[in-house]
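# after the sequence you'll find the predicted model.
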Amino acid sequence: MNNLLQYPIATEKALNMAERGNTIIYVVNFNAAKKDIKKEFEDTFKVKVERVNTVIMPENVKRAYIKLKKEYLAGDIAKRLKLV
């Protein structure tokens, strides 16, 4: 399964979550499972993920809230993605 991670969310709330909650928000493939999202994110960014929460939005897209382990910084990932 490829293209699980579609694109990151760059709203003010999402950037706040990256800085304060060590969490990156991504729009993901609608059929993606949490464990697959975790593996894909870890492989892509060379970090360790603590947990993945997903939510299906009213516009019928699936968002993944990807919380990193404390030794990794979501702010650094946001910089690599050019969100900040």
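The structure has been received and is ready for your questions. Residues are numbered from 1 along each chain as shown.
# how about the helices in the chain?
Assigned by DSSP state H, the chain shows helices spanning 12-21, 34-45, 74-80.
# export the ones you listed to CSV and tack on mean pLDDT and distance to residue 56?
No exception for glycine: its C-beta is placed from N, CA and C like everyone else's. Below are the helices of the chain laid out as CSV (pLDDT from 0 to 100; distance: least, Cβ to Cβ, whole Å):
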stretch, mean pLDDT, distance to residue 56
helix 12-21, 95, 17
helix 34-45, 96, 13
helix 74-80, 94, 22
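# of all those, which lies closest to residue 64?
The closest of those to residue 64 is helix 34-45. By Cβ to Cβ, the value is 5.0 Å.
# next up, the contacts around the residue nearest to residue 28 when sequence neighbours are not counted.
Closest residue to residue 28 apart from its sequence neighbours, by Cβ to Cβ, 6 or more residues apart in numbering: residue 64 at 4.7 Å. Residue 64 makes contacts with 5, 25-28, 32, 34, 37, 52-54, as judged by Cβ atoms under 8 Å, 6 or more residues apart in numbering.
# just the buried residues out of these, in ChimeraX syntax.
Buried residues among the contacts of residue 64 (16 or more other Cβ atoms under 10 Å), as a ChimeraX selection:
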select :5,25,26,28,32,37,52
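# can you tell me which of the contacts of residue 64 is nearest residue 72?
Using Cβ to Cβ, residue 52 comes nearest to residue 72 of the contacts of residue 64, at 14.2 Å.
# my read: that closest one touches residue 65, true?
Yes. When contacts are counted by Cβ atoms under 8 Å, residue 52 is listed as touching residue 65 (7.1 Å).
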